[in-house]
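Trainee: what follows is a predicted structure for the sequence shown.
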Amino acid sequence: MRGGDLARGADLFRPVPVPGGLQRGSTFMKIVMAIIKPFKLDEVRDALTSIGVYGMTVTEVKGYGRQKGHTEIYRGTEYAVSFLPKVKVEIAVPSSQVEKVIETISGAAKTGQIGDGKIFVVGIDQAVRIRTGETDNAAL
């Protein structure tokens with residue numbers, strides 16, 4: 001394949017513009033997912049509210065990591081509990097706010113102990129507010 005052929009083939013993979021100025025597959029919006037200790041949820045919510053983040057989805061989850069499990073005694077019998085209760089907080093934000101959100105969550109959720117949690121950031125291709133039909137950043 002000659003260099004000219006390669007350049008023409010590259011046109012096949014050019015992003016296609018969509019309404020709103022964003023491109024499908026772009027990452028102008030992100031979901032910040034934080035897995036935290038349940039007792040830190042109120043503190044994290046208050047900290048996020050203080051920086052202007054008012055919407056989030058919260059799910060009770062169970063996890064297993066370096067913290068490992070523990071044993072509990074119920075009616076005289078010892079049971080191994082390998083999955084520990086956690087809370088998953090998901091926040092959709094413009095890419096420009098991701099670092100501030102990460103710093104805020106980290107500061108509010110940190111205890112300094114094993115099991116403080118993890119933060120993951122994932123790109124969003126498209127967002128739609130069902131009630132109004134607003135899309136992308138306007139839907140956040």
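Mentor: Right, received. Where do you want to start? Residues are numbered from 1 along each chain as shown.
Trainee: what comes up buried for stretch 96-112?
Mentor: 97-98, 101, 104-106, 108-109 (16 or more other C-beta atoms under 10 Å). The C-beta positions use only the backbone N, C-alpha and C, and glycine is treated the same way.
Trainee: my bad, should have said stretch 80-100
Mentor: Applying 16+ other C-beta under 10 Å to stretch 80-100 flags 84, 86-89, 91-93, 97-98 as buried.
Trainee: now do the contacts for the spatially closest residue to Ile124 that is not a sequence neighbour.
Mentor: In space, Ile124 comes closest to Met29 once its chain neighbours are excluded; the distance is 4.1 Å by C-beta to C-beta, 6 or more residues apart in numbering. With C-beta atoms under 8 Å, 6 or more residues apart in numbering as the criterion, the residues that contact Met29 are 92-95, 123-124, 127, 136-137, 140.
Trainee: those helices in the chain, which residues are they?
Mentor: 3-10, 41-50, 98-109 (DSSP state H).
Trainee: mind putting the ones you listed in TSV, mean pLDDT included?
Mentor: TSV is the format used below for these (pLDDT from 0 to 100):
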stretch	mean pLDDT
helix 3-10	49
helix 41-50	97
helix 98-109	98
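Trainee: out of these, nearest to Met33?
Mentor: Met33 lies closest to helix 98-109 among the helices of the chain, at 9.9 Å (C-beta to C-beta).
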